[in-house]
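> Have a look at this prediction, sequence included:
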Amino acid sequence: MKLVLIFGPQAVGKMTVGQELAKLTNLKLMHNHMTIDLLEPLFGFSPELWKLSNTFREEIFRSFAKTDQDGIIFTFVWAFNKQEDWENVEHVCTIFREKNAEIYFVELEAKLDIRLKRNKTANRLEHKPTKRNINQSEQNLLNSMETLRLNSREGELKRDNYVRIDNNKLSAVEVAERIKEHFEL
(Lines give C-alpha, C1' and ligand atoms only; values in the text may rest on other atoms or scores of the structure.)
Protein backbone atom coordinates (compact mmCIF):
# COMPACT_ATOMS: atom_id res chain seq x y z
CA MET A 1 0.00 0.00 0.00
CA LYS A 2 1.23 3.46 -0.92
CA LEU A 3 0.00 6.91 0.09
CA VAL A 4 1.15 9.76 -2.15
CA LEU A 5 0.37 13.18 -0.70
CA ILE A 6 0.47 15.97 -3.28
CA PHE A 7 0.21 19.42 -1.76
CA GLY A 8 0.80 23.06 -2.58
CA PRO A 9 -1.14 26.29 -3.01
CA GLN A 10 -4.42 26.60 -4.88
CA ALA A 11 -4.25 26.11 -8.65
CA VAL A 12 -0.66 24.87 -8.57
CA GLY A 13 -1.77 21.74 -10.45
CA LYS A 14 -2.17 19.14 -7.71
CA MET A 15 -5.30 17.45 -9.05
CA THR A 16 -4.11 17.46 -12.66
CA VAL A 17 -0.74 16.00 -11.66
CA GLY A 18 -2.61 13.44 -9.55
CA GLN A 19 -4.75 12.49 -12.54
CA GLU A 20 -1.65 11.92 -14.65
CA LEU A 21 0.13 10.01 -11.88
CA ALA A 22 -2.92 7.75 -11.51
CA LYS A 23 -2.71 6.99 -15.25
CA LEU A 24 0.97 6.03 -14.92
CA THR A 25 0.48 3.82 -11.85
CA ASN A 26 -2.15 1.60 -10.27
CA LEU A 27 -2.83 4.26 -7.64
CA LYS A 28 -6.30 5.74 -7.15
CA LEU A 29 -6.81 9.52 -6.96
CA MET A 30 -8.73 11.34 -4.28
CA HIS A 31 -8.45 15.08 -4.76
CA ASN A 32 -9.58 17.34 -1.94
CA HIS A 33 -12.57 18.73 -3.82
CA MET A 34 -14.22 15.31 -3.99
CA THR A 35 -15.49 15.90 -0.46
CA ILE A 36 -15.65 19.70 -0.56
CA ASP A 37 -17.85 19.85 -3.66
CA LEU A 38 -20.14 17.16 -2.27
CA LEU A 39 -20.83 19.21 0.86
CA GLU A 40 -20.67 22.84 -0.33
CA PRO A 41 -24.20 22.91 -1.86
CA LEU A 42 -25.59 21.82 1.51
CA PHE A 43 -23.44 23.78 3.95
CA GLY A 44 -21.60 26.49 2.03
CA PHE A 45 -18.02 27.08 3.11
CA SER A 46 -18.89 26.74 6.78
CA PRO A 47 -17.28 25.05 9.78
CA GLU A 48 -19.79 22.22 9.30
CA LEU A 49 -18.50 21.62 5.75
CA TRP A 50 -14.90 21.32 6.98
CA LYS A 51 -15.87 19.10 9.91
CA LEU A 52 -17.83 16.72 7.68
CA SER A 53 -15.21 16.80 4.93
CA ASN A 54 -12.52 15.76 7.41
CA THR A 55 -14.78 13.04 8.82
CA PHE A 56 -15.57 11.66 5.36
CA ARG A 57 -11.90 11.71 4.36
CA GLU A 58 -10.86 9.91 7.53
CA GLU A 59 -13.43 7.16 6.97
CA ILE A 60 -12.45 6.84 3.31
CA PHE A 61 -8.77 6.60 4.26
CA ARG A 62 -9.43 4.03 7.00
CA SER A 63 -11.49 1.88 4.62
CA PHE A 64 -9.06 2.27 1.74
CA ALA A 65 -6.04 1.41 3.89
CA LYS A 66 -7.65 -1.98 4.63
CA THR A 67 -7.97 -2.90 0.95
CA ASP A 68 -5.55 -4.77 -1.26
CA GLN A 69 -5.29 -1.79 -3.62
CA ASP A 70 -1.81 -0.58 -4.60
CA GLY A 71 -2.43 2.80 -3.03
CA ILE A 72 -3.98 6.23 -3.14
CA ILE A 73 -2.96 9.73 -4.19
CA PHE A 74 -4.44 12.51 -2.05
CA THR A 75 -4.18 16.15 -3.07
CA PHE A 76 -4.74 19.03 -0.68
CA VAL A 77 -3.66 22.49 0.43
CA TRP A 78 -1.37 22.47 3.47
CA ALA A 79 -1.18 25.73 5.44
CA PHE A 80 2.27 25.44 7.00
CA ASN A 81 1.53 28.22 9.47
CA LYS A 82 -1.51 26.36 10.89
CA GLN A 83 -0.81 23.72 13.53
CA GLU A 84 -4.07 21.91 12.77
CA ASP A 85 -2.91 21.29 9.19
CA TRP A 86 0.30 19.66 10.47
CA GLU A 87 -1.83 17.55 12.80
CA ASN A 88 -4.24 16.57 10.00
CA VAL A 89 -1.36 15.45 7.78
CA GLU A 90 0.11 13.41 10.63
CA HIS A 91 -3.31 11.87 11.34
CA VAL A 92 -3.72 10.76 7.72
CA CYS A 93 -0.18 9.35 7.71
CA THR A 94 -0.88 7.44 10.92
CA ILE A 95 -3.93 5.76 9.37
CA PHE A 96 -1.76 4.41 6.55
CA ARG A 97 1.36 3.85 8.64
CA GLU A 98 -0.67 1.50 10.87
CA LYS A 99 -1.24 -0.63 7.75
CA ASN A 100 2.49 -0.52 6.88
CA ALA A 101 1.95 1.76 3.90
CA GLU A 102 4.80 3.56 2.20
CA ILE A 103 4.17 7.32 2.38
CA TYR A 104 5.42 9.83 -0.19
CA PHE A 105 5.32 13.64 0.05
CA VAL A 106 5.16 15.73 -3.13
CA GLU A 107 5.17 19.51 -2.80
CA LEU A 108 4.34 21.58 -5.86
CA GLU A 109 5.17 25.24 -6.30
CA ALA A 110 4.45 27.74 -9.05
CA LYS A 111 4.42 31.51 -9.43
CA LEU A 112 1.24 33.46 -8.82
CA ASP A 113 0.69 34.44 -12.49
CA ILE A 114 0.89 30.77 -13.52
CA ARG A 115 -1.54 29.76 -10.77
CA LEU A 116 -4.02 32.48 -11.78
CA LYS A 117 -3.98 31.08 -15.34
CA ARG A 118 -4.39 27.51 -14.10
CA ASN A 119 -7.31 28.62 -11.91
CA LYS A 120 -9.36 28.97 -15.12
CA THR A 121 -8.48 25.74 -16.92
CA ALA A 122 -11.26 23.56 -18.29
CA ASN A 123 -10.05 20.48 -16.39
CA ARG A 124 -10.11 22.34 -13.07
CA LEU A 125 -13.56 23.76 -13.68
CA GLU A 126 -14.92 20.40 -14.84
CA HIS A 127 -13.81 18.57 -11.70
CA LYS A 128 -14.27 21.33 -9.11
CA PRO A 129 -17.72 22.93 -9.25
CA THR A 130 -16.95 25.41 -6.46
CA LYS A 131 -14.17 26.88 -8.62
CA ARG A 132 -16.52 27.79 -11.48
CA ASN A 133 -17.16 31.23 -10.00
CA ILE A 134 -13.81 32.46 -11.30
CA ASN A 135 -13.92 35.85 -9.57
CA GLN A 136 -14.63 34.28 -6.19
CA SER A 137 -12.05 31.54 -6.69
CA GLU A 138 -9.41 34.04 -7.77
CA GLN A 139 -10.17 36.32 -4.82
CA ASN A 140 -9.92 33.38 -2.43
CA LEU A 141 -6.56 32.45 -3.93
CA LEU A 142 -5.26 36.01 -3.55
CA ASN A 143 -6.70 36.49 -0.04
CA SER A 144 -5.13 33.27 1.22
CA MET A 145 -1.70 34.66 0.41
CA GLU A 146 -2.20 37.33 3.08
CA THR A 147 -2.69 34.90 5.96
CA LEU A 148 -1.52 31.42 4.89
CA ARG A 149 1.89 30.03 3.98
CA LEU A 150 1.10 27.35 1.42
CA ASN A 151 4.62 26.22 0.56
CA SER A 152 7.18 24.99 3.05
CA ARG A 153 10.38 26.77 3.90
CA GLU A 154 13.71 25.30 2.88
CA GLY A 155 14.43 22.33 5.14
CA GLU A 156 11.12 22.61 7.03
CA LEU A 157 9.79 19.24 5.92
CA LYS A 158 12.03 16.58 7.36
CA ARG A 159 10.30 13.56 5.86
CA ASP A 160 11.57 10.47 4.18
CA ASN A 161 10.29 10.19 0.62
CA TYR A 162 9.88 13.94 0.05
CA VAL A 163 10.30 15.86 -3.19
CA ARG A 164 9.57 19.49 -4.06
CA ILE A 165 8.87 20.29 -7.69
CA ASP A 166 8.75 23.73 -9.28
CA ASN A 167 6.15 23.14 -11.98
CA ASN A 168 6.05 26.62 -13.50
CA LYS A 169 7.23 25.33 -16.86
CA LEU A 170 6.35 21.65 -16.61
CA SER A 171 3.25 19.90 -17.86
CA ALA A 172 1.25 17.72 -15.50
CA VAL A 173 2.48 14.67 -17.43
CA GLU A 174 6.12 15.72 -16.95
CA VAL A 175 5.58 16.27 -13.22
CA ALA A 176 3.81 12.90 -12.85
CA GLU A 177 6.65 11.17 -14.69
CA ARG A 178 9.20 12.81 -12.37
CA ILE A 179 7.25 11.67 -9.30
CA LYS A 180 6.95 8.14 -10.63
CA GLU A 181 10.68 7.98 -11.40
CA HIS A 182 11.81 9.68 -8.20
CA PHE A 183 9.88 7.29 -5.94
CA GLU A 184 10.01 4.29 -8.30
CA LEU A 185 6.23 3.95 -8.19
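Cool, the structure landed.

> Mean pLDDT per helix and strand in this structure: which one sits at the bottom?
helix 122-127 (a mean of 92; mean pLDDT, DSSP states H and E).

> Just the buried positions in it, please.
Within helix 122-127, the residues that count as buried by 16 or more other C-beta atoms under 10 Å are R124. Where you see a C-beta, it was placed from the backbone N, CA and C, and this is true even at glycine.

> what's that helix in contact with?
Residues outside helix 122-127 that contact it (C-beta atoms under 8 Å, 6 or more residues apart in numbering): A11, M15, T16, Q19, H31, H33, R118, K131, R132.

> try it again with 7 Å
Helix 122-127 is contacted by residues A11, M15, T16, H33, R118, K131, R132 when judged by C-beta atoms under 7 Å, 6 or more residues apart in numbering.

> tally of neighbours for the fourth one?
Spelled out, that is H33. Neighbourhood size, H33 [other C-beta atoms under 10 Å]: 20.

> Over to it: give its phi and psi.
phi -80, psi -10 (degrees, to the nearest 10).

> returning to what we had before: list the buried residues for the very next helix or strand once past the least confident helix or strand of the chain?
Note on helix 122-127: by DSSP states H and E, the next helix or strand toward the C-terminus is helix 134-147. Residues of helix 134-147 classed as buried: S137, E138, L141 (neighbour count, 16+ other C-beta under 10 Å).

> and the residues you listed as JSON lines, adding distance to T55?
As requested, the buried residues of helix 134-147 are exported to JSON lines (distance: C-beta to C-beta, whole Å):
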{"residue": "S137", "distance to T55": "25"}
{"residue": "E138", "distance to T55": "29"}
{"residue": "L141", "distance to T55": "26"}
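
> So which of the contacts of helix 122-127 is the closest to R149?
A11 (16.3 Å; C-beta to C-beta).

> follow-up on the earlier one: Throw together a PyMOL command that grabs the buried residues out of the contacts of helix 122-127.
Buried residues within these, by 16+ other C-beta under 10 Å, are selected in PyMOL with:
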select buried, resi 11+15+16+33+118+131
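
> wait, which of the contacts of helix 122-127 is closest to E184?
Nearest to E184 out of the contacts of helix 122-127 is T16 (C-beta to C-beta; 22.2 Å).

> Was I right to think that closest one contacts S171?
No: taking contacts as C-beta atoms under 7 Å, T16 lies outside contact range of S171: 9.0 Å.

> Please measure how far the first residue of stretch 139-153 sits from its last one.
With C-alpha to C-alpha, to the nearest Å as the measure, the ends of stretch 139-153 fall 24 Å from one another.

> So for the protein, the centremost residue is which one?
The residue lying closest to the centre of the chain (C-alpha atoms, centre = their mean) is T75, at 1.8 Å.
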